[in-house]
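S.K.: only geometry, no sequence info:
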Ligand code: HEA
Ligand code: HEA
Ligand code: CUA
Ligand SMILES: [Cu+2]
C-alpha cells in the first residue's frame, strides 16, 4: 500500500495550513538544543585529546607515571578543583535567582562565578609557571606535550567562560531579562558545568594518575 | 565465473598493452603474475574474492538494467504505483549480502593469517621453502634503500640480491619519514617507519629480476625510490656475497649519518659496502627514537629546479 | 617559545618576502594572469552594471537559507573547476613523464612539473575536491532543500548559517591564495606524519593546508549543528519522524556524522600545528611522539567523512528515482535504517586505510570484517532503488540519468571497495592507483548525484528549468571521460602502479597513461558542454519558466510552494498528513487549495557581520601561515571583539508585512501547480 494513501482525507475538514506566525516553535528549546549539539562537538575534541593522552602515555610507559607523580602537584590541583566547583555553585545560585526573576541575584551569582573562575585561572597559571621555570615544558617529550595541551585547552575554555560572564553582566544591566539574555544565561550554565566535568577528568587522569592509580 | 575466466577477462582488457609489447614476456601487470609464495597465496584469495563479489554485482547490474528498461515509460511493464513494500524482497536483499559478507570475512581472515608478514602461515606450514632463512635489514633513507645482510656483514644500495627458494626475513626501519616496502611480484606492502621496526617475509619461486619500490609518499624523491630485486641461485648468491665482501667501502655508524642525508636517486647510484658495522639497524632505530632527524633542506622543496640542476652537475663531477 | 625556522623571518613581515611570489614559474604566471583577467572581468562587470550594492544587500549579507545555499553551490562549482584543472595537470604530467628517457620541460627532469610542484597539485586537487567542492555543493543543496522539505521558514540559526558559509569561503580563498603567494603542501590531501613536520616540510605549504582545512572544518561543524537543530526542531506540524522526506533523513544522518567526526579532525590538525609552531612532540618519530596517532585521529574522521559525502548523495538519488519512476520509494523504513547503519558502522572501520602498518593479524581481521559489513546496508539501498523502478514508469530525464549513472558507479566503486576491504589484496595495492580508481568511482558518484540534484531542484530555486539538450551532451561526455580515464586506471592498479608519482619508471605502463589522456579530452569537452548548458538555459530562462511542480510527479513539501521560492518559503506553514505530503495532496485533489488572508511574517534581518568574520578569519589564518605574529594577534582580537559586539545587537529581526506577502502570493497564484501528469 502506498505510503501516501494510508491517511484518508476529508477535503472539507482536513487542516491544510497552520495559521499564526512561526507555528508555535519553541525558541528556548531550539537555542538550548543547538548549544547541546555544540557541547557535543567540544566533548569530541576532549575525547580525541584524551585518546591522544592515552596513546602518548602508553608510549612513555613507566616514565609517564613517575613524572606525573613527581612533578604535578595534586594538592594544588585539589585546591583548584574546590575553587572551580565553588564557581559552578555560584553560577547555580544565579540560575535559581533567574527562575525567581531576581536581577540582583543573577548578577551577584554570575559575578562571583566569574571572579572564582579568574582565581582558578591564576592558580593553574602559577602552577604551570612553576613547572616551566623548572624546565618541564611541553617541548620535552610527547607525553608532556599532551598533558600541557590538555591543561591549557581547558584553561582557554575558562577564559572564554569568564569573558562570557562579563558580557552577560553588561547585557543584563542594559536589557534586563530579554529572551536573548535568558537563552544565553542558560547556555552558559551548560558550558560552565561542562568545564567542571572536564576538569574532574583532568584531575583524575593527570594530577592523580601517578599518586593512586 | 571460474578463476581462469577472471584472469582471461583481465588479460583481455589489457590487450592494447600486450599488442604494443609484441612478444615481450613481462606484461608489466605485476599483480597478476606472482612469482613468490606470498604473492601467489595473495593472488589465490584475490581471485576467490573477486569471483564471489562478481556473482552478486553482475546480477545486480543486470537487474537494474532490466528494471529500468522493462518499466520505462511507454514500455511493456505494468505500472503499479502503490507497490512499495514486500517482506520477501526485504529478507532477500538483507540476507544475501549478509551471507556473502560472512563467506568473504572467513576467507579474508584466513588469508590474513596466511600472509601475516611477521609469521606467514603460507611459508611456515607448507614447507615449500628449504634452507636456512636469510636475514636482511632494510633501512629507508630520504630517498634510497639500504639493504644490509647482517649475517654476511655486507650492504647494498638500491639493489636487493636474494637466493631463490629460500625464505628471506626482513627487518625494516626508516631514518626520517614513512615509506612502504613492496616487491609486487614477490610480496605485498609493509610500512617502513622511523623509530620503529617492522618485519616482512618472502620466498621467490624462481630466478629472475623483479621491481621493488616505495609505495608511501615520502617526499620529492619518491618516484625514483625504486630498487632492483635479483633472485639468483644459491651458488650465484654465495659468489655475489664473496665478491661484495671484497668491496673497498665500509659502512660505519658515522658513515651512515653521511649516507642518510637527503638525496634524490635520479641516477641510481647503486653501491655496495664490503663491511658494515654490526647492529646498524638497531642503532638507527634508537637514534631516531631519541630525537635524531635528517632534515630536508628548503632547497629540496621550494626551489627544486635549481637544486636538481646542481645535483646533476655534482653527479657529473663524481660526487653523490 | 616558537620553533627555529629554516630561512629568514622578520617581525614585520614574518616569513613573507618577495621570493614567496613564484614569478619565475611560467605555469603559475599563466594561471595568475588568467585569474587576474577573470577577477578584473567580474569586478568590471559589477561596477559597470552597478551591481555592487545589490550583491551586498541581497547576497553577501543574506541570512536566507536558499541564497546561502546557492552561494555554497557557486563556491563548490568554482572549486570543482579548479580541482579539474589540477586533475588535468596530473594526467598530462604522468602521460609525459614515463620511462627513463622521457624528456623534461620547464626545468623538470621528466615531464613539465618538478616533483615538489606536482606534489602540490595533487594535494590541492584532493583537498579541494573533497573539502571545497563536494562538501560545499552538498551542504548547499541540503541548505536549500531541507527547510523546504520540512515546511520551515528558515534554518534554526540563520546567522550561524551565514557564518558557516563565510568561513568555508575564507578557507577556499586561502587555498587559492597559496597558488600565488608561497606554495601548498606537497604530500597528499590527508597529510603524512612525520613528513609534515617542520624538518621535512620546512616551507609554508603545510601551514596553508592545515589552516585552510581547519577553517573549513569549523565552518562545516557549524553547518551540521544548524542542520540537525533545524531537522529536529523546525518540522512543520504533523510531520512525524516517519513522515520525513528521505533526503531529510539522509541530511540528518550525514550531519550527525559531521557533528561527531569533524572535531576529531580539528584535533588531529591542531596537534600538527603545535608541533610545527611550538616544537612539541605529538607526531615526531623521536622523543615520545607517535606518528601512528595521527593516522588514527585523521582516519577516525576520514572514513566517516566519505560517508558524510555519500549519504546526501544517496538521499538525492532516493528523491530523484521515485519522482522519475512515478512511484513511491520502495522500502522507506529500510532506507532510513540503512542510512543510520552506514553512519554507525563508519565509526568502526578506519584502520582499513592502513592495513599495511603491521598491526596484529587479529586487528586487521577485525577491521576487514567491519569494513565489509558496510556493504550490506549499502546493498539494501541499491536494491531498494531498483525495486522503486520496478513496476514504475521510468522517465529518462536529465536528473534521472545522473541518478542512474550514480547507481552504476556505486556498483563499480562498491565492488572495488570490497576488494580493498579484503586486507591481503589491499597489501598489494594500498597506496596504488587501484585505490585511487576505487574512490574516484565513489566521488564521481557523488558528483553525478550532485549534478542530478542541481538539475532537479534548480527550477525550484530559480523558477525556470535548465534546458536538456546540452545537458545531455554534458552527461554523456562525462560518462565517456570517466570510462576512458578510470578503466585504464584500474588496469594500472593490477599492474601495481602506485599513487602520487611524478615520474613513472615502468615503460610498459605508458600506453595506458596515454589512453587516459583521451578521457581527459572528453572531460574537457564535457566542461564545454556544461558551459553551453548553463548559457543556453540562462538565455532561454523566460521560455523555460515553470510553476511550483515542474516535474509533475514530485512528492514532497518543497514542490508545494512557488518557484522561485519566496523569501519566507511558505506563506502559511503547511500541516502534514502523510509521508509524501505533496503526492498525498495531489491524490486527494487538494493541490490548489490556496490561502485567502495573510499575516505578517517575522524573518531575521540581513547582516554583514558574517562576511566581516570570514574576512577576519582569513587574515588571521594568513598571518599564522606566514608567522606574522602581530597581525595574527590583531586578527584574533578583532574576531573576539566582533563576536562580542554582535551579541549586543538588539533588533536582528524584521517583519514582512501581510500586504507584501499577499502581493507575492497573488502574483504567483497562476504559477501554482497543474494537476499531476498521467
Ligand atoms: C570529490 C572528490 C574528487 C573528484 C570529483 C575527483 C575528480 C577527478 N580526479 Fe581526483 N582525487 C581526489 C578526489 C577527487 N577527484 C582525491 C581525494 C585524490 C587523492 C589526492 C592525494 O593523493 O592526496 C585524488 C587524486 C587524483 C589522481 C591521482 C594522482 C596520483 O596519486 O597519482 C588523479 C589522477 O588521474 C585524479 C584525477 C581525477 C580526475 C580525472 C577527475 C575527474 O573525474 C574530474 C571530472 C570533473 C569535471 C570534468 C569537472 C567539470 C567541472 C565543472 C562542471 C564545473 C565548471 C565550473 C565552472 C565553469 C565555474 N585524482
Ligand atoms: C564517498 C566516498 C567513498 C565511499 C562511499 C567509499 C566506500 C567504501 N570504501 Fe572507500 N575510499 C574512499 C572513498 C569512499 N569509499 C577514499 C577517498 C579512499 C582513499 C583515501 C585516500 O587514501 O586518499 C578510500 C579508500 C578505501 C580503502 C583503503 C584502501 C587503501 O588505502 O589501501 C578501503 C579499504 O577497505 C575502502 C573500502 C571501502 C568500502 C568497503 C566501501 C563500501 O562502503 C562500499 C559499499 C558498497 C557496495 C558493496 C556496493 C553495493 C552493494 C551491493 C550491490 C550488494 C552486494 C554487496 C555485498 C555482497 C557486500 N576504501
Ligand atoms: Cu605505524 Cu609504526
Ligand atoms: Cu575508508
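M.R.: Perfect, I can see it now. From a predicted model like this one, the values you see are computed outputs, not experimental measurements. Residues are numbered from 1 along each chain as shown, chains lettered A, B, ... in the order given. Ligands and ions are numbered 1, 2, ... in the order given.
S.K.: going forward, measure contacts and count neighbours with C-alpha atoms only.
M.R.: Will do.
S.K.: how about the secondary structure of the closest residue to residue B:158 other than its chain neighbours?
M.R.: Leaving aside its chain neighbours, residue B:158 sits nearest to residue B:227 (4.5 Å; criterion: CA to CA, 6 or more residues apart in numbering or on different chains). Assigned with DSSP: H, G, I helix; E, B strand; the rest coil, residue B:227 falls in the strand class.
S.K.: for residue A:119, what are its contacts?
M.R.: With contact set as CA atoms under 8 Å, 6 or more residues apart in numbering or on different chains, residue A:119 has these partners: residue A:83.
S.K.: now do the same for it: its pLDDT.
M.R.: Looking at residue A:119, its pLDDT reads 97.
S.K.: wait, a helix at it?
M.R.: Yes: judged by three-state DSSP, residue A:119 forms part of a helix.
S.K.: separation between it and chain B?
M.R.: Summarising the geometry, the distance separating residue A:119 from chain B, computed by CA to the nearest CA, to the nearest Å, is 39 Å.
S.K.: that residue and residue A:126, how far apart?
M.R.: Distance check for residue A:119 against residue A:126: by CA to CA, to the nearest Å, it reads 11 Å.
S.K.: list the contacts of the residue of chain A at minimum distance from ligand 2.
M.R.: Per CA to the nearest ligand atom, the residue of chain A with the smallest distance to ligand 2 is residue A:48, at 21.0 Å. By CA under 8 Å, 6+ apart, the residues touching residue A:48 are C:264, C:267, C:297.
S.K.: tell me which of those residues is nearest to ligand 2?
M.R.: Within the contacts of residue A:48, the smallest distance to ligand 2 is 14.3 Å, found for residue C:297 (CA to the nearest ligand atom).
S.K.: host element of residue C:232?
M.R.: If you go by DSSP states H and E, residue C:232 is part of helix C:205-233.
S.K.: give me every residue in chain A lying close to ligand 2.
M.R.: With CA under 6 Å from any ligand atom as the criterion, chain A does not meet ligand 2 at any residue.
S.K.: quick one, grab the pLDDT at the closest residue to ligand 1 within chain A.
M.R.: For chain A, the nearest residue to ligand 1 under the criterion CA to the nearest ligand atom is residue A:48, separated by 23.6 Å. Looking at residue A:48, its pLDDT is 96.
S.K.: from residue C:15, how far off is it?
M.R.: If you go by CA to CA, the gap between residue A:48 and residue C:15 works out to 32 Å.
S.K.: re the thing from before, was I right about the residue nearest to residue B:158 contacting residue B:147?
M.R.: No: checked against CA atoms under 8 Å, the pair residue B:227 and residue B:147 is beyond contact range at 10.2 Å.
S.K.: any common contacting residues for the two?
M.R.: Shared contacts of residue B:227 and residue B:147, counting by CA under 8 Å, 6+ apart, come down to B:158-160.
S.K.: for the residues you listed, pick the one with the most neighbours.
M.R.: residue B:158 (25 neighbours; other CA atoms under 10 Å in any protein chain shown).
S.K.: so which bits of the stretch 401-550 of chain C are right by ligand 2?
M.R.: By the criterion of CA under 6 Å from any ligand atom, the positions of the stretch 401-550 of chain C lying close to ligand 2 are C:410-411, C:414-415, C:417-418, C:420-421, C:426, C:430-431, C:435, C:439, C:442-443.
S.K.: ditto for chain C
M.R.: Neighbours of ligand 2 within chain C, by CA under 6 Å from any ligand atom: C:306-307, C:309-310, C:352-353, C:371-372, C:374-376, C:378-379, C:410-411, C:414-415, C:417-418, C:420-421, C:426, C:430-431, C:435, C:439, C:442-443.
S.K.: hmm, residue C:484 is touching residue C:515, no?
M.R.: Yes: Residue C:484 sits in contact with residue C:515 when judged by CA under 8 Å, with a separation of 6.9 Å.
S.K.: tell me the pLDDT at residue C:506?
M.R.: At residue C:506, the model reports a pLDDT of 88.
S.K.: could you pull out the strands in chain B for me?
M.R.: Using DSSP state E, the strands assigned to chain B run over residues B:134-140, B:145-149, B:154-157, B:159-163, B:168-174, B:179-183, B:187-192, B:198-202, B:208-214, B:226-232, B:250-251, B:272-273, B:275-276.
S.K.: for residue C:526, which of those is the nearest?
M.R.: strand B:208-214 (35.9 Å; CA to CA).
S.K.: list the buried residues of the closest one.
M.R.: Taking 16 or more other CA atoms under 10 Å in any protein chain shown as the basis for neighbour counts, the residues of strand B:208-214 that come out buried are B:210-214.
S.K.: could you pull out the helices for the stretch 351-500 of chain C?
M.R.: For the stretch 351-500 of chain C, applying DSSP state H, counting those that start in this stretch gives helices covering C:361-373, C:375-389, C:398-421, C:423-429, C:433-462, C:469-495.
S.K.: for the shortest one, what does the pLDDT average out to?
M.R.: To tie it back to what came earlier, the one meant is helix C:423-429. In this model, helix C:423-429 has a mean pLDDT of 96.
S.K.: helices or strands next to that helix in the packing?
M.R.: Counting contacts by 3 or more CA pairs under 8 Å, 6 or more residues apart in numbering or on different chains; DSSP states H and E, the secondary-structure elements packed against helix C:423-429 are helix B:37-70, helix B:87-114, strand B:187-192, helix C:361-373, helix C:398-421.
S.K.: and the ones you listed, which is most packed in?
M.R.: Relative to the other members of these, strand B:187-192 carries the highest mean neighbour count by mean count of other CA atoms under 10 Å in any protein chain shown, namely a mean of 27.
S.K.: low-confidence ranges, chain A, go.
M.R.: Judged by pLDDT under 70, chain A has its weakly predicted residues at A:1-13, A:19-25, A:62-65, A:210-213.
S.K.: contact partners for the closest residue to ligand 1 within the stretch 101-250 of chain B?
M.R.: Using CA to the nearest ligand atom, the closest approach of the stretch 101-250 of chain B to ligand 1 is made by residue B:217 at 8.8 Å. Contacts for residue B:217 (CA under 8 Å, 6+ apart) come out as B:178-179, C:187-188, C:192, C:500.
S.K.: what bridges to the residue nearest the centre of chain B?
M.R.: Within chain B, one residue has its C-alpha closest to the average C-alpha position: by CA atoms, centre = their mean, that is residue B:182, at 2.2 Å. In this entry, residue B:182 is beta-bridged to residue B:213, by DSSP bridges.
S.K.: for residue C:528, see how far away residue B:245 is.
M.R.: Distance, residue B:245 to residue C:528, using CA to CA: 64 Å.
S.K.: among the two, which residue is more densely surrounded?
M.R.: Neighbour totals were compared for residue B:245 and residue C:528, and residue B:245 leads with 20 against 15 (other CA under 10 Å).
S.K.: tell me how far that one lies from residue B:272.
M.R.: The value you get for residue B:245 to residue B:272, if CA to CA is used, is 9 Å.
S.K.: need the residues touching each of these two.
M.R.: Common contacts of residue B:245 and residue B:272, defined by CA under 8 Å, 6+ apart, comprise residue B:154.
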